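Undergrad: I'll drop the sequence and a predicted model, then ask my questions.
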Amino acid sequence: MDRTDLRILAELQADGTLSSQALAEKVGLSTSPCWRRVRKLEEDRVISTTVAILDPEKIGLDVIAVVAVALEDRHPDSVRQFDEMVANRPEILECYAMSGQHDYHMKVACKSIRAYEVLLREHIMACKAVDYVNTSFVLRSKKYTTALPLDE
């Protein structure tokens, strides 16, 4: 990956809706070579997908929580059960296996505290692999980005 590829990635992270022509102009290429570079970055899975990022509050998701989870054990069946529960819950936006005190940290978005309580009671805690859960609710977002740092 060269400097031009990094410039293409930076521009697409800032605005994934850029046309091939607009992107080419921003990075100093003609349209066809720019388009070929983007296709190559997609084929190599450097660009994994292009999505619209929604504002949670504007679609009624007023509760964002960071949830720390500890499993009863790390048996493959327990991990598989937990992974299936996570995969099947659209409220769980992100889930990371962690080192340290908790096995997982999750980011969850819900319409209300009540909706979170239902998710917690009926899905997360109902998962037999889960030992305990510690929830922190987001009061205010100080920084949110999906853009990865790129060294040029």
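TA: Right, received. Where do you want to start?
Undergrad: so V86 touches I92, yeah?
TA: Yes. Here V86 reaches I92: they are 5.3 Å apart, a contact under Cβ atoms under 8 Å. Every residue, glycine included, has its C-beta placed from N, CA and C.
Undergrad: In terms of neighbours, single out the busier of the two.
TA: A count of neighbours by other Cβ atoms under 10 Å puts I92 above the other of V86 and I92, at 20 against 17.
Undergrad: secondary structure class for the residue positioned nearest the centre of the chain?
TA: Against the mean C-alpha coordinate of the chain, by Cα atoms, centre = their mean, the closest residue is E94 at 5.1 Å. For E94, the assignment made with DSSP: H, G, I helix; E, B strand; the rest coil gives strand.
Undergrad: And it, how far from E72?
TA: Relative to E72, E94 is positioned 23 Å away (Cβ to Cβ, to the nearest Å).
Undergrad: coming back round to it: could you check how far the residue nearest to the centre of the chain is from H105?
TA: In terms of Cβ to Cβ, E94 sits 8 Å off from H105.
Undergrad: Same check on D77?
TA: Using Cβ to Cβ, we find D77 at a distance of 22 Å from H105.
Undergrad: These two: who's more crowded?
TA: Applying other Cβ under 10 Å to D77 and H105 shows that H105 carries more neighbours, namely 17 against 10.
Undergrad: That one against M98, yeah?
TA: Yes. When contacts are counted by Cβ under 8 Å, H105 is listed as touching M98 (5.5 Å).
Undergrad: related to what we said a few turns ago, distance of the residue nearest to the centre of the chain from L148?
TA: Per Cβ to Cβ, E94 is found 15 Å from L148.
Undergrad: Let me see the domain layout of this protein.
TA: Using automatic domain parsing, the domain ranges for the chain come out as 3-43, 57-137.
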